[in-house]
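In: 3D, please:
(one chain, ligands or ions: 1)
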Amino acid sequence: MAETIFTKIINRDIPADIIYENDHVLAFNDINPQAPTHFLVIPKKPIATINDIEPEDAEIVGQLYLAAAHIAKQNGFAESGYRAVMNCNPDGGQTVYHIHLHVLAGKPMGWPPYQNNLKQQLP
Ligand code: AMP
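Out: From the prediction side, this is the model:
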């Protein structure tokens, strides 16, 4: 797959506000935060989209959630709560093709996360 900006962050070719790292994942604050706390957890292995996750990647994907929960506990928002979401392809809002878990916290979030006329379109 083509190298993305996230590979450059992993390799320290460009700077990022890194908040956590282990053998499997890296977490850094989102450059355009959508909540008081908004960071991304990415695998060090580049995987373009959710659709490209192979069975042997299952542990890596689990590591994203383990890191998110660890950071939430360390930073005191595990109990108040947070949203962990991964976008896939254009309709999912994905812009960087290296899978990443968005972790958003620090304010109550609504559901559904968008407004549309879907109910009116249904037969
Ligand atoms: P997505 O649209 O789901 O692919 O999310 C990509 C996210 O990466 C967006 O929230 C961007 O603000 C964020 N982003 C892009 N470049 C950087 C960067 N250099 N450092 C931190 N976050 C970034």
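In: ok, the residue lying closest to residue 106 once chain neighbours are set aside to the ligand distance?
Out: In space, and not counting its chain neighbours, residue 106 is closest to residue 36: 2.9 Å by Cβ to Cβ, 6 or more residues apart in numbering. Heads up, the C-betas are built off the backbone N, CA and C, glycines and all. Plainly put, residue 36 is 15 Å away from the ligand if you go by Cβ to the nearest ligand atom, to the nearest Å.
In: list the contacts of residue 36.
Out: In this structure, residue 36 makes contact with 105, 106, 107, judged by Cβ atoms under 8 Å, 6 or more residues apart in numbering.
In: residue 81 against residue 105, yeah?
Out: Yes. Look at residue 81 against residue 105 with Cβ atoms under 8 Å: they come within range, at 7.1 Å.
In: just want to know which of those two has more residues nearby.
Out: Using other Cβ atoms under 10 Å as the criterion, residue 81 and residue 105 rank with residue 105 on top: 22 against 11.
In: what's the pLDDT at the closest residue to that one other than its chain neighbours?
Out: Leaving out its chain neighbours, the residue that sits closest to residue 105 by Cβ to Cβ, 6+ apart is residue 82, at 3.7 Å. For residue 82, the pLDDT comes out at 98.
In: quick one, what contacts residue 82?
Out: By Cβ under 8 Å, 6+ apart, the contact list for residue 82 reads 37, 68, 72, 103, 104, 105.
In: the last one bridge partners, please.
Out: When you say that, I think you mean residue 105. Residue 105 has the following beta-bridge partners by DSSP bridges: residue 37, residue 82.
In: mind starting the numbering at 43 from now?
Out: All right, first residue 43 from here; so that's residue 147.
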